[in-house]
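Student: take this sequence and fold it.
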Amino acid sequence: MTESDGGVRGDAATLLAERHTLVHYLIVRRQLTGFEAPHTFFRYGERVLPVFCVREEAGRFLASRDLGEGWHVRGYSVGELVSLLVALHKRVALVSFSPLPGHLLIEYELSHLMSREDFVASLIVR
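Tutor: Numbering: from 1, shown residues only. Below you'll find the model as predicted:
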């Protein structure tokens, strides 16, 4: 078995696991500490975390932004996402669920914004 075979099989295993569990996607960048910090943006004076339910949506959103080097899309299980949001309680106030790339209408943005606490509660209830 070659190293490249393991990579292909590993990718296939990841995709198979994602199909059988509820996965959300974030845009992240690895920090010097090894921690993957999620991309956030400011809206209405508060930090917003974009969360996506489809990997391709996250990829289109990432492609529409000029974030610089090192940013990529990563899948999170519900448990991982809850843990991350709890850890970010002082940094993230709102979650934008599957925002569209590019310029958004204010009405659309407001309909897709949710408090971090309400989003975590919705994940736990599922």
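
Student: centre of the chain to the strand or helix carrying Ala58, how far?
Tutor: Here Ala58, judged by DSSP states H and E, is contained in helix 55-64. Centroid separation for helix 55-64 versus its chain: 10 Å, with Cα atoms, centre = their mean, to the nearest Å.

Student: repeat for stretch 81-97
Tutor: On Cα atoms, centre = their mean, the centre of stretch 81-97 falls 10 Å from that of its chain.

Student: how about stretch 92-102?
Tutor: That offset, for stretch 92-102, works out to 9 Å (Cα atoms, centre = their mean).

Student: identify each buried residue in it, please.
Tutor: 92-97, 99 (16 or more other Cβ atoms under 10 Å). Every residue, glycine included, has its C-beta placed from N, CA and C.

Student: lowest-confidence one in the residues you listed?
Tutor: Of all those, Pro99 carries the smallest pLDDT score, 80.

Student: now do the SS call for that one.
Tutor: Classification of Pro99 by DSSP: H, G, I helix; E, B strand; the rest coil places it in coil.

Student: isn't it right up against Pro50?
Tutor: Yes - with contact defined as Cβ atoms under 8 Å, Pro99 reaches Pro50; the gap is 5.1 Å.

Student: which other helices and strands does the strand or helix carrying Ser122 contact?
Tutor: Assigned by DSSP H and E, Ser122 falls within helix 116-125. When contacts are defined as 3 or more Cβ pairs under 8 Å, 6 or more residues apart in numbering; DSSP states H and E, helix 116-125 sits against helix 78-87, strand 94-97.

Student: most tightly surrounded among those?
Tutor: Most buried of those by mean neighbour count (mean count of other Cβ atoms under 10 Å) is strand 94-97; its value is a mean of 20.

Student: please consider this matter closed, and thank you.
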